[in-house]
Structures are given as structure tokens and as C-alpha cells.
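Asks: Fold the following and give me the result.
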Amino acid sequence: MEKNNRRNFLKLTGLTGAGLLGTSLLKGFPTTQKDTPALHNDSSYRQVFNMSGYSAPKLETVRVGFIGLGNRGPAAVKRMKYIDGVDIKGLCDIRPERTEAAKKLLEGTRHTPTLYSGTANAWKKMCERDDIDLIYIATPWDLHTPMAVFAMNHNKHACTEVPAATTIDECWQLVSTSERTRKHCMMLENCCYDFFELLTLNMARQGLFGEIVHCEGAYIHDLLEGNFSKTKNYDLWRLKENFRRKGNLYPTHGLGPVCQVLDINRGDKMDYLVSMSGNDFLMGNTARKLAATDDFYKPFVGKPYNGNMNTTIIRTIKGRTIMLQHDVTSPRPYSRIHLVSGTKGVAQKYPLPGRIALGGDQWASPEEMNTLTEKYTPEIVNRVGEMAKQVGGHGGMDFIMDWRTIDCLRNGLPLDQDVYDAALWSSIFPLSEKSVLNRSNSVDIPDFTNGAWKMNKPVNLSLENGGTTKIMM
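Replies: This is a model prediction of the structure:
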């Protein structure tokens, strides 16, 4: 059994293309994967070094290696080529054709990356190089923590797609490794850099909403057809996540921006949550309908699919609340909700283009919204927002995220999202699962900062001492 487990792990960590989680690797997994015993917990863990507000040594040029070029990875490579002070040194995917395709995106630029592919450990060889500063991870969920930990242990900063971890044990691995190595571990939560989220964060910082009392976020996205697509996710890895796990499987898009508004990990902390899921009304039926005409789908019939809607409520130490929802199957318009409610006003992003009410029960008129937007749009959007829209990436927020991350590394500034954010926001996945499986009883939320939240400073999005990185269009 020990040899088989090791073999499965090596196979898993070698599947570096986004969406590469094979059927054979899922055999033997329990229907619901519970956490292994945590390496640390609130009572036993002692912070080695506080990574919140940490300024790593300046990097005049940020040398980057990318792992995972199946879906999100190539888009990141394309965005990075427009950012000055970046040298793309390596491209890695288990499929050679993916690395070759990504390399073509860099034709005519100054970048001459080495390609890594074809073997289970190719990504490790890239991480072991001495001339790379940052590893950018865009692989399936289960690979994020092993790759980020390996990168940090080899003297690299790590940026990973969401979620950064899928178990509480993995969350602690990220925290302890980042603190010990003093290497940044940033989860690439791009929604923190969307335009309305940045606007409302700045307004909250200016006190327009008064004291924030409640926030809401969500990931409501109709992925039903895509989850069953034979081509969208290799070997239907994301569909399989939806029958081996329960709860809110993808919490961070809605959670990250409101955590920054609430200064979570930086003045307040999450205390506990309760989580409830309804039944599955769509995925099982879809599997049966597809299997009736295509034998390929017969193994997916009768699986215990995750409930279509999950609702999770979080209470903070200061008595504020957060409501999160997760639904990736219902035929509903896309929404992350993004509601910020305070003692003096409220903002809500969806339905687009968003609305704000200050000091009354009427939403601001379009003219008033224009005035508020012009006055409170933060400096980072004024500086790079229009160029970000041209480059793209979910309307520009992906590019703002990448540009800001590189600019902070080049100027020795703290990152907007640290390892404690990566761990905490990701932890809602397994913690919601624990609550759902226990009749929605409350579950305590770990303090990954080990008490440092009381003194950590809020996120500062100003370009003071930064903003020097050029964009090459």
C-alpha cells in the first residue's frame, strides 16, 4: 500500500497541465475526501516569522517559470510578456505540445524560455534552477500545494491559482513553509483586482460605508455543460471533484475581495462557520441523460454529486458576518454578488454594472455613480486600468493582478495577498465540507496568523514607493 500511495502521488504531481487529473488516480479515493490530521493547529503552532507586510529583497528583473499550460497558464504567459522587468525563463507542462504552443506566444519578444515536459518530474527540474525567482502555478487544484511548497523550499516565490489548498493540512504546509523560507506564497485571486471591487475597497477605506457589518460573495457560474465536456477539462477532472468533495468547493472569488474590505487577518479574524448544501438536482440527471446515448458517461451515473447550491455563513471575532454561496450547475446568470453593507451605506456589484447607496434607501443615480466612480477609483486603476482592458484577462483584472505582483517584487513591497490569505480563504473549502457532513453544525476556523492579525496592517493598494514597472504595448 505504501508503494502504491507513493506511486499515485508521483503520478499526480507529474500531471502539470491544467485539467490533468486522470480517472485512474481517483480510484480508491473516498466519495468525500476528509482532511488528513493537520500538521499544526491553533494551539500547537507558533509563528516562525510574520509574512504579513513582509518586504522581500528587491528584484530588478523577476525571472519567472510557469507550470501548467493547459488553460489559465497560456493566458498568464501572454499577459506577462507585456510587463517590463520580467524574464520568462521556463515553461512546463507534461504535454510537449502545450509548452510549444506557449512558446509561440513569445515569438518576437525578448523571452527565450527553456521547455520542460514529458516526464512526471519535469516541473521539479525547473524549480531547482538557480536563475528563477518566481514559480507561477496554473495546474489542477490538488497540485497547487505540493508545487508551491517545493518551489519555496527551492528558494522561489510562489504564485498559485485558486484554491491554494484543498485540505487544512495543506493550508498549514503553505504557512509553515512560507514563514520558514521567507518566500512569498500568493494565491492568484484575480477578483480582488476587478474594477468594482477595487472601487468599493477604496470607498470602504475612506469610510463611506461607515463600519462594515455584513458582506456577501459567491461563485454562481453555470458550468454544467463544461463539467461534462470531454475536451474542456482533461479526463473530466473538475467533474470528479464535484462527486468526491462536498460543500463550497470554490470559495475564494467571492470571499477574497470582501475579506480585504473587512481587514480579515489584519484587524479582524474569522471565528467560525456553518454551511448547508441542498441536494443535487442537475448533475446526476445530466449524467444519466448523456449515458443513455454515450457509454463514456456510464461511470458517472449514480455518483453522490455535490449539492447544486451551498450557502456558508461566517462570523468574525468582531461580530461581522459573511455569506458565501457556491453553485456551478444551475441555469443562472453569472454572479459573485460582492455586497458590502455598513452603518452608512451599501454597495452591490451584481446585477452589473453595480450600484451604491449612501445614507438612504435609494440607489445612486447613474450620474451619481459616475461622480463616485471618478472620485474614488484608486490610483492603481487610474495608472494601468485602461491598458489592462486592452491586454485582457477577465476584462483586465488578471493583468492588474500580474502587473501589481511584479511591481511589488521589483520594488520590495509587501504583496496584497499573503500566505495567510491563501490559507484562510482556501480553508473554507474543507471547513464547509466538514459542516455539511455534520448537519451544518458550526466549525471553528483556524487562525493561520497565530494571533498576528491583531497587529497586521490593512492592505495598502497605493503606489507609494512602487508603480515604476512599465507596460510594453
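Asks: show me where pLDDT drops low in the chain?
Replies: Low-confidence segments of the chain, defined by pLDDT under 70: 1-43, 234.
Asks: Got the domain ranges for it?
Replies: Following automatic domain parsing, the chain resolves into domains at 60-188, 192-379+419-454.
Asks: Output the ones you listed as a markdown table; include the columns mean neighbour count and distance to residue 391.
Replies: C-beta coordinates here come from the backbone N, C-alpha and C atoms, glycine included. Shown next, in a markdown table, are these (neighbours: other Cβ atoms under 10 Å; distance: least, Cβ to Cβ, whole Å):
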| stretch | mean neighbour count | distance to residue 391 |
| --- | --- | --- |
| domain 60-188 | 21 | 6 |
| domain 192-379+419-454 | 19 | 13 |
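Asks: Of those, which is nearest residue 397?
Replies: The minimum distance between residue 397 and the domains of the chain falls on domain 192-379+419-454, with 4.2 Å, by Cβ to Cβ.
Asks: Quick one: end-to-end distance for that closest one.
Replies: 22 Å (Cα to Cα, to the nearest Å).
Asks: can you map out the helices along the stretch 351-473 of the chain?
Replies: 366-376, 379-391, 397-411, 419-436 (DSSP state H, counting those that start in this stretch).
Asks: Now tabulate these in CSV and tack on distance to residue 181.
Replies: As requested, those are exported to CSV (distance: least, Cβ to Cβ, whole Å):
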stretch, distance to residue 181
helix 366-376, 38
helix 379-391, 28
helix 397-411, 15
helix 419-436, 10
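Asks: closest one to residue 133 among those helices?
Replies: Closest of those to residue 133 is helix 397-411, at 7.3 Å (criterion: Cβ to Cβ).
Asks: which strands and helices sit next to the closest one?
Replies: Contacts defined by 3 or more Cβ pairs under 8 Å, 6 or more residues apart in numbering; DSSP states H and E place helix 397-411 against strand 62-67, helix 72-80, helix 379-391.
Asks: Mind checking those for the one nearest to residue 231?
Replies: In terms of Cβ to Cβ, the element of these nearest to residue 231 is helix 72-80, at 15.6 Å.
Asks: starting at the chain centroid, how far to the closest one?
Replies: Remark: helix 72-80 is offset 16 Å from the chain centroid, using Cα atoms, centre = their mean, to the nearest Å.
Asks: How many residues are close by residue 50?
Replies: Neighbours of residue 50 under the rule other Cβ atoms under 10 Å: 16.
Asks: any idea how far residue 44 is from it?
Replies: Going from residue 50 to residue 44 by Cβ to Cβ, to the nearest Å gives 18 Å.
Asks: So residue 135 lies in a strand, does it not?
Replies: Yes: assessed with DSSP: H, G, I helix; E, B strand; the rest coil, residue 135 lies in a strand.
Asks: For it, which non-adjacent residue is spatially closest?
Replies: residue 151 (3.9 Å; Cβ to Cβ, 6 or more residues apart in numbering).
Asks: is it fair to say that neighbour lies in a helix?
Replies: Yes: membership of residue 151 in a helix is supported by three-state DSSP.
Asks: where along the stretch 51-200 of the chain do the strands fall?
Replies: Along the stretch 51-200 of the chain, the segments classed as strands by DSSP state E, counting those that start in this stretch run 62-67, 86-92, 114-116, 134-137, 157-160, 185-187.
Asks: The second one - contacts with which helices or strands?
Replies: On a contact count with 3+ Cβ pairs under 8 Å, 6+ apart, strand 86-92 meets strand 62-67, helix 72-80, helix 96-104, strand 114-116, helix 122-127.
Asks: Specify the stretch among these that is closest to residue 385.
Replies: For the helices and strands packed on strand 86-92, proximity to residue 385 was assessed by Cβ to Cβ; helix 72-80 is nearest, at 14.5 Å.
Asks: Now do the closest one against helix 397-411, angle only.
Replies: Angle, helix 72-80 to helix 397-411, by axes from the mean of the first three to the mean of the last three Cα atoms, to 10 degrees: 60 degrees.
Asks: Make residue 1 into 698 and carry on from there
Replies: Sure, I'll start numbering at 698, so the last one becomes helix 769-777.
Asks: Can you tell me which helices and strands helix 769-777 packs against?
Replies: strand 759-764, strand 783-789, helix 793-801, strand 831-834, helix 1094-1108.
Asks: thinking again about what came up before, tell me which of the strands of the stretch 748-897 of the chain sits nearest to residue 1129.
Replies: When the strands of the stretch 748-897 of the chain are compared by Cβ to Cβ, strand 882-884 sits nearest residue 1129, at 17.2 Å.
Asks: Geometric centre of this structure: which residue is closest?
Replies: For the chain, residue 859 is the residue whose C-alpha lies nearest the centre (Cα atoms, centre = their mean; 2.7 Å).
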